[in-house]
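K.L.:
have a look; sequence and predicted model below, questions after that.
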Amino acid sequence: MLKRFKNLLAEAFDVARRRKNLIVFFAATHVIFLLFGQWMVAQGISGAMILREEQMKMIQDLPFLKPLTGMLSDSLFLKIAYTFFFNLAFGAFFSTTLTGSVFFLPYVVAVWRSFIIGVIISGLDITAFKFIIFYGTFILEFGAYCLSSVVGTDIGLSIIWPSRKGTTSRKEAFLVSIREGKRLYLLVMIILFLAAIWEMGWLHYFGPFFINP
């Protein structure tokens, strides 16, 4: 069993190495637009300020956050499991991989997500401790989203450009990209699981600290 897992992990890293240009591209996109969102708020640009105010109001009523403060609030295990599966299904698969059938859509999602987070966190009173927690979560979650975006983009590109998979058949190129994507998703799942542990662990034990610094 362990040997099988090691082999799968080696295959996943091999695919990641071959897709390193796309991975770097998405990583740079996330960082650039996170900083861009922060910069726009710091400059007091009206559109960014209005957007920030709207997003801050919306955060309080986001449906997917309610279970974490409601029926799951007493169980760290359930909060980790819920966060992991939610981020895997909606944060990664549906929004950045499935949309890859139109190859540029994962990029649009990456730009918007990073920009919004930059807009939201800019100007917040963040202590060094909170800074570490936030950026640890950001690096892990968005690192996984980089990989899931690569899977989606690669699938979309294989449909319109099958020769990049060494074939002239779109169907064959599509199937190859699916197989490679399944291997890469092992890394997506591992990283998102670590992200859920990191984020929910701190929030579970230090929740009051975050609310009342």
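P.N.:
Good, I have the coordinates.
K.L.:
how far away from the center of its chain is the host helix or strand of Ala28?
P.N.:
Assessed by DSSP states H and E, Ala28 sits inside helix 20-42. Put simply, helix 20-42 sits 13 Å off its chain's centre (C-alpha atoms, centre = their mean, to the nearest Å).
K.L.:
following it, which helix or strand shows up next?
P.N.:
Where DSSP H and E defines the elements, the next helix or strand beyond helix 20-42 is helix 46-59.
K.L.:
and that next one, what does it pack onto?
P.N.:
On a contact count with 3 or more C-beta pairs under 8 Å, 6 or more residues apart in numbering; DSSP states H and E, helix 46-59 meets helix 20-42, helix 105-121. Quick note: C-beta positions are derived from backbone N, CA and C, even for glycine.
K.L.:
which outside residues touch the longest one?
P.N.:
What that stands for is helix 20-42. Under the contact criterion C-beta atoms under 8 Å, 6 or more residues apart in numbering, helix 20-42 has outside partners 16, 47-49, 52, 106-107, 110-111, 113-123, 138, 142-143, 145-147, 149-150, 153-154.
K.L.:
for PyMOL, what selects the buried ones among the residues you listed?
P.N.:
The following PyMOL line selects those of these that are buried, judged by 16 or more other C-beta atoms under 10 Å:
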select buried, resi 16+48+49+52+106+107+110+111+113+114+115+116+117+118+119+120+121+122+138+142+143+145+146+147+149+150+153+154
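K.L.:
tally of neighbours for Ile139?
P.N.:
Counted by other C-beta atoms under 10 Å, the residues lying close to Ile139 total 16.
K.L.:
by mean pLDDT, point me to the weakest helix or strand of this structure.
P.N.:
Within the chain, no helix or strand scores below helix 66-69, which has a mean of 85 by mean pLDDT, DSSP states H and E.
K.L.:
by contact count, what packs against that helix?
P.N.:
Applying 3+ C-beta pairs under 8 Å, 6+ apart, we find helix 66-69 packed against helix 76-86.
K.L.:
so, low pLDDT: which residues of the chain?
P.N.:
Where the chain drops to pLDDT under 70, the residues are 207-213.
K.L.:
repeat that with 90
P.N.:
Within the chain, the segments meeting pLDDT under 90 span 1-3, 55-74, 101-104, 121-135, 161-168, 170, 202-213.
K.L.:
I'd say Thr153 and Gly100 touch.
P.N.:
Yes: counting by C-beta atoms under 8 Å, Thr153 touches Gly100, with 5.2 Å between them.
K.L.:
need the residues touching each of these two.
P.N.:
Any residue near both Thr153 and Gly100 by C-beta under 8 Å, 6+ apart counts here, and that gives Pro106.
K.L.:
please state the offset of the helix or strand hosting Ala196 from the chain centre?
P.N.:
In this assignment (DSSP H and E), Ala196 forms part of helix 170-211. The chain centre lies 7 Å from the centre of helix 170-211; the measure is C-alpha atoms, centre = their mean.
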